[in-house]
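Colleague: Next come a sequence and a model predicted from it.
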Protein chains: 2
Amino acid sequence: MLAAGSSTAFSLLRRSVSRGFGNFATMAGKGASTAATKGKKKEVKKETGLGLSYKKDDNFGEWYSEVVVSGEMIEYYDISGCYILRPWAMSIWEVMQTFFDAEIKKMKIKNCYFPLFVSSGVLQKEKDHIEGFAPEVAWVTKSGESELEMPIAIRPTSETVMYPYFSKWIRGHRDLPLRLNQWCNVVRWEFSNPTPFIRSREFLWQEGHTAFATKEEADTEVLDVLELYRRIYEEYLAVPVIKGKKSEHEKFAGGLYTTTVEAFVPNTGRGVQGATSHCLGQNFAKMFEIDFENEKGEKAMVWQNSWAYTSRTIGVMIMVHGDDKGLVLPPKVASVQVIVIPVPYKDADTKGIFDACLATVKTLNESGIRAEADFRDNYSPGWKYSHWELKGVPLRIEIGPKDYANNQVRAVRRDNSTKHDIPMADVVERVRDMLNHIQESLFEAAEQKRDACIEVVHTWEEFVEALGQKKMILAPWCDEEEVEKDVKTRTKGDMGAAKSLCSPFDQPQLPEGTLCFASGKPAKKWTYWGRSY
Amino acid sequence: MLAAGSSTAFSLLRRSVSRGFGNFATMAGKGASTAATKGKKKEVKKETGLGLSYKKDDNFGEWYSEVVVSGEMIEYYDISGCYILRPWAMSIWEVMQTFFDAEIKKMKIKNCYFPLFVSSGVLQKEKDHIEGFAPEVAWVTKSGESELEMPIAIRPTSETVMYPYFSKWIRGHRDLPLRLNQWCNVVRWEFSNPTPFIRSREFLWQEGHTAFATKEEADTEVLDVLELYRRIYEEYLAVPVIKGKKSEHEKFAGGLYTTTVEAFVPNTGRGVQGATSHCLGQNFAKMFEIDFENEKGEKAMVWQNSWAYTSRTIGVMIMVHGDDKGLVLPPKVASVQVIVIPVPYKDADTKGIFDACLATVKTLNESGIRAEADFRDNYSPGWKYSHWELKGVPLRIEIGPKDYANNQVRAVRRDNSTKHDIPMADVVERVRDMLNHIQESLFEAAEQKRDACIEVVHTWEEFVEALGQKKMILAPWCDEEEVEKDVKTRTKGDMGAAKSLCSPFDQPQLPEGTLCFASGKPAKKWTYWGRSY
């Protein structure tokens, strides 16, 4: 069986390697020196140059594919829907992980690791849940040359993996709360539109699973965790999100209610479910017999939550901030916050300039700023500017003969290209300020763009028009599942149907007598609608 | 297909749950208060009490299974060979990870994440390599109800996953070295003797994959990483290891040579491959066409390494240090280094004692010592002592009326049960010293035990006798693969065959004319032999 189809698989891979080669050569750019490399390069330069071939506003899909590859975040893999997370992306994941892991530890949530595999019997224990996931489950049926006695599933999420053991571990009220988290990979074998970070067959995430004696405690945690997700998006990734509740139709399969932070991508006019924090109620507890003896000596059922954020976060950040020059990384998540580039000139004191660069990096590093110098001698300063712009480094510092003579550096912001001459003596303070400003500016710009896309509608006609204009639509809704299904049916098309994104916690006033935009029945709440990833 | 066999799987699970229940009730111990719990408990107490049912020296296998479960490191899972890593184990993994991750980052090694899945064509590209792994590979053949066009393998290790992309990314000498690492899960569907931590079908590890322009650089890194592995075992887990080189027969499939840190479990007389650092030479480079243009403009092949340590480390630590009271955790990896237990007495100032406990924890925490207090009111101090001994906490602090009156605490070491009265004013300094001493003592005791098991032999008769005595055998060897195979054949039996563990870097003198213990041919090196995990 090993031999079967191997040549096909490998030729696919080689195709992908050679197709991708253009990007690599693009990165090598104009500075490389040898004949062999030049030969490869010239061929490509005609095609693309160092910059991107696609513009964000003209062809968003191609722009995104190009920017994730050229920016060295992702490499396409020979299995469709799987992607390689390169160090430039992984370092962002690690920054978020460090933040989130410390925060949940403060909340007394403990890390654990449950197996990747789940037996079919356990997987289908909760009916609604398995209905939600069954079509996407990957099944292991063989090991080596032998058929397994029974197929074994790869976790699409770990409710059913974990909860039989919650049932075992929880006996009395003193065993509660039980609050666990794990950092792991999960697999959902989806067939629609794989997109790097945003929709992949395997992805990285954390999944928290907790059990409480009371609904109140569970409710509180759902929101505490949702606030951490908001902070990841807004404070780290500089992406504005809307906190709210999912509709019955869109909630987690088998849960009681789902809260979400919803982001929006103005270019495509699509919402993105940023991260979700679910109250599972007592549904899984019933199925998995997770009961305990309460303080009165009575048998009671636990209240459960589960919550997760994924590597999708990185994709949302790229889609929101990236521009025609490439990635734009918020300083808080950039593994290189400042790139220092020497700009020597033939008569100038090159050694002095290089030393000044080194000293600048050292000073910044000592102050906790992540700075690096690019001393490569086979690339021109201009090429390096483009290269690090493509990679999205928030701040570039140039040191040329004039800067060196004046004991200053020139700082150039990635987000708005403004240039600032900074006395060497002030470099730490000024750089820190600029990084803070960049972080804030990115958020504000993204928020303005997002807000400009929000359209309040009251009628079906307004709704259809706003949808055509790629808006994030806020509409009064009767909150009936049948009506949501009907909206989906009526908006089906090439671009995909509209669905509810969330009912924001922050509800505008809903005057009595307001009618649902879709059904004409009395409206119960304001809800965001739109197409979505 | 989902439905098939589900009831069997679930009934298996329920059996495992109820079988395991004894352990849980054991943990609940004598302190629980309600009638219902008491009913459960009494039943079990007769059987086991709070302590372990098995002794390490009498029945090591059962002792180990019991200690990993009762110590709350592991929960058995309903899929054979898969285990749940509970927070008590996961926190140890995290301590090692924090150390190792920081060290490799200093070496400019960067983290990345490659997919879990590998296509069959790529997997079998390197023939020796796939021969080594093929029987253990788990295959995904279905998603939802659909058969995949081609079966897809789950990574048993990621050489073949990564190296097609090394080929793509490496073009010129400036692209070298390429040094990547990933933290992930891998799957090896083994059928022999699954053992928690030591041999499981899925395990956690880091895998480093690097490429260099020269063999010298690769050789250097192999040893640099091996030294980090030694430090994990000796400095963190307090487990002595022997650094050495694996034989041709035992080296990594497809590699050039394998270095290892070998641990030893005196109770079973078995060696354990602690962690391995491989030089792959240019073998994979040839298969995956990983070449580059060197500084002279010539095409050259890269030199590669791969290296890994796994969650097995935790199992080795448990086997080496654990005793009849339970786990014994080295302070450097213990998530709770000091457990503070109030010992109130009816007439005493209970509030004063509790406050003193709180103050002690606070003082210790502020000095970076991981301390917690156990204020549970439904367990007696005696029960708590046993509980935290079972969990292996290095140091217990008791505060009773007399201690409180004298403004002192009583500290009790887990490793040797010695008691020390410490003035409250000196608590930080004295506790820090004691933790350091415990760490050192554990290592020294383990080293003495291990050393007492090492037997130097020269002849086959001596070898067989030493093997019968469960020794780690150091013998002069001709270094011929056929002879090693022959040793395996001749020692086959219920206990498993003997094999070479490693040729230590630290070689004793080998006088000219020394003959191989097994073949009688001239010996080339001293090599450790024994049974192994």
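Modeller: Okay, I see it.

Colleague: care to break chain A down by domain?
Modeller: A:61-321, A:338-439, A:454-531 (the TED database).

Colleague: what's the straight distance from one end of the longest one to the other?
Modeller: Same thing as domain A:61-321. End-to-end span of domain A:61-321 (Cα to Cα, to the nearest Å): 15 Å.

Colleague: now swap in the last one and tell me
Modeller: Its start and end residues considered, domain A:454-531 measures 13 Å (Cα to Cα).

Colleague: who in the stretch 301-450 of chain A is up against chain B?
Modeller: Contact residues (Cβ under 8 Å from any Cβ of the partner chain) of the stretch 301-450 of chain A with chain B: A:376, A:378. Backbone N, C-alpha and C define where each C-beta goes, glycine included.

Colleague: so which residue of the stretch 301-450 of chain A comes closest to chain B?
Modeller: Across the stretch 301-450 of chain A, the shortest distance to chain B (Cβ to the nearest Cβ) belongs to A:N378, at 6.7 Å.

Colleague: about what we covered before: which one of the domains of chain A is the most hemmed in?
Modeller: Of all the domains of chain A, domain A:61-321 has the most neighbours on average by mean count of other Cβ atoms under 10 Å in any protein chain shown, namely a mean of 21.

Colleague: related to what we said a few turns ago, sec struct for the residue of the stretch 301-450 of chain A closest to chain B, please.
Modeller: In three-state terms, and counting by DSSP: H, G, I helix; E, B strand; the rest coil, A:N378 is coil.

Colleague: Isn't it up against B:H173?
Modeller: No - A:N378 is beyond contact range of B:H173, at 10.5 Å (criterion: Cβ atoms under 8 Å).

Colleague: Could you report the separation of the residue in the stretch 101-250 of chain A positioned nearest to chain B from B:A405?
Modeller: Closest residue of the stretch 101-250 of chain A to chain B, Cβ to the nearest Cβ: A:G121 (3.1 Å). Relative to B:A405, A:G121 is positioned 60 Å away (Cβ to Cβ, to the nearest Å).

Colleague: just A:G400 next, same as before
Modeller: Taken as Cβ to Cβ, the span from A:G400 to B:A405 is 73 Å.

Colleague: before we move on, what about A:D421?
Modeller: Going from A:D421 to B:A405 by Cβ to Cβ gives 69 Å.

Colleague: Equivalent analysis for A:K299, please.
Modeller: For A:K299, the distance to B:A405 - Cβ to Cβ - is 45 Å.

Colleague: got it, and A:Y64?
Modeller: Per Cβ to Cβ, A:Y64 is found 71 Å from B:A405.

Colleague: Could you do A:H420 as well?
Modeller: For A:H420, the distance to B:A405 - Cβ to Cβ - is 66 Å.

Colleague: what do you get for A:W93?
Modeller: 54 Å.

Colleague: what about A:M90, is that helix, strand or coil?
Modeller: helix.

Colleague: swap that for A:T220, please
Modeller: A:T220 ends up helix, using three-state DSSP.

Colleague: ok, now the one 4 residues further on?
Modeller: Classification of A:D224 into helix, strand or coil gives helix, according to three-state DSSP.

Colleague: Is it correct that it is in contact with A:I109?
Modeller: No - counting by Cβ under 8 Å, A:D224 stays clear of A:I109, with 10.0 Å between them.

Colleague: Toward the C-terminus, what is the element adjacent to the helix or strand hosting A:M96?
Modeller: Element membership for A:M96, per DSSP states H and E: helix A:87-106. Downstream of helix A:87-106, the next assigned helix or strand under DSSP H and E is strand A:110-111.

Colleague: outside of the strand or helix carrying A:L474, which residues touch it?
Modeller: Per DSSP H and E: A:L474 is located in strand A:472-477. Here strand A:472-477 makes contact (Cβ atoms under 8 Å, 6 or more residues apart in numbering or on different chains) with A:264, A:269, A:271, A:450, A:453-458, A:463, A:466-467, A:483, A:498, A:500-501, A:503-504, A:508, A:510, A:514-518, A:523-530.

Colleague: which secondary structure elements does whichever helix or strand comes after that strand contact?
Modeller: Counting by DSSP H and E, the element after strand A:472-477 in chain order, helix or strand, is helix A:481-490. Counting contacts by 3 or more Cβ pairs under 8 Å, 6 or more residues apart in numbering or on different chains; DSSP states H and E, helix A:481-490 packs against strand A:499-504.

Colleague: And stretch A:92-107, how far out from the chain middle?
Modeller: Distance of stretch A:92-107 from its chain centroid, counting by Cα atoms, centre = their mean, to the nearest Å, is 15 Å.

Colleague: pretty sure A:P115 is touching B:I84, no?
Modeller: Yes - using Cβ under 8 Å, A:P115 is in contact with B:I84, at 6.9 Å.

Colleague: List the contacts of the closest residue to A:G71 other than its chain neighbours.
Modeller: Once flanking residues are discounted, A:G71 sits nearest to A:L327: 4.2 Å by Cβ to Cβ, 6 or more residues apart in numbering or on different chains. Contact analysis of A:L327 by Cβ under 8 Å, 6+ apart lists A:67, A:71, A:73, A:318, A:321, A:390-392.

Colleague: Distance check, A:L327 against A:V431.
Modeller: Relative to A:V431, and taking Cβ to Cβ, A:L327 is found at 20 Å.

Colleague: ok, now which ones touch A:D57?
Modeller: A:D57 touches A:N267, counting by Cβ under 8 Å, 6+ apart.

Colleague: Let me know the pLDDT of it.
Modeller: On pLDDT, A:D57 comes in at 97.

Colleague: secondary structure class for it?
Modeller: coil.

Colleague: what about it, distance to A:K449?
Modeller: Distance from A:D57 to A:K449, by Cβ to Cβ: 12 Å.

Colleague: Now do the strands in the stretch 301-450 of chain A.
Modeller: Under the criterion DSSP state E, counting those that start in this stretch, strands of the stretch 301-450 of chain A are mapped to A:303-310, A:338-342, A:371-373, A:395-399, A:408-413, A:419-423.

Colleague: joint contacts of A:P115 and B:I84?
Modeller: In contact with both A:P115 and B:I84: B:Y77, using Cβ under 8 Å, 6+ apart.

Colleague: Assess the claim that A:V343 and A:I353 are in contact.
Modeller: Yes - A:V343 is in contact with A:I353 according to Cβ under 8 Å; the separation is 7.3 Å.

Colleague: Could you point out the bridge partners of A:E455 in the sheet?
Modeller: When assigned by DSSP bridges, A:E455 has beta-bridge partners A:I473.

Colleague: thought it was touching A:V464?
Modeller: No - using Cβ under 8 Å, A:E455 is not in contact with A:V464; the gap is 11.5 Å.

Colleague: hang on, the earlier thing: the domains of chain A into a markdown table, with extra columns for mean pLDDT?
Modeller: Shown next, in a markdown table, are those (pLDDT from 0 to 100):
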| stretch | mean pLDDT |
| --- | --- |
| domain A:61-321 | 96 |
| domain A:338-439 | 96 |
| domain A:454-531 | 97 |
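
Colleague: looking at those domains, which is closest to B:W307?
Modeller: Of all these, it is domain A:61-321 that lies closest to B:W307, at 17.5 Å by Cβ to Cβ.

Colleague: can you pull the contacts of A:T418?
Modeller: Counted by Cβ under 8 Å, 6+ apart, A:T418 has contacts A:V412.

Colleague: what about 6 Å?
Modeller: Under the criterion of Cβ atoms under 6 Å, 6 or more residues apart in numbering or on different chains, A:T418 has no neighbours.
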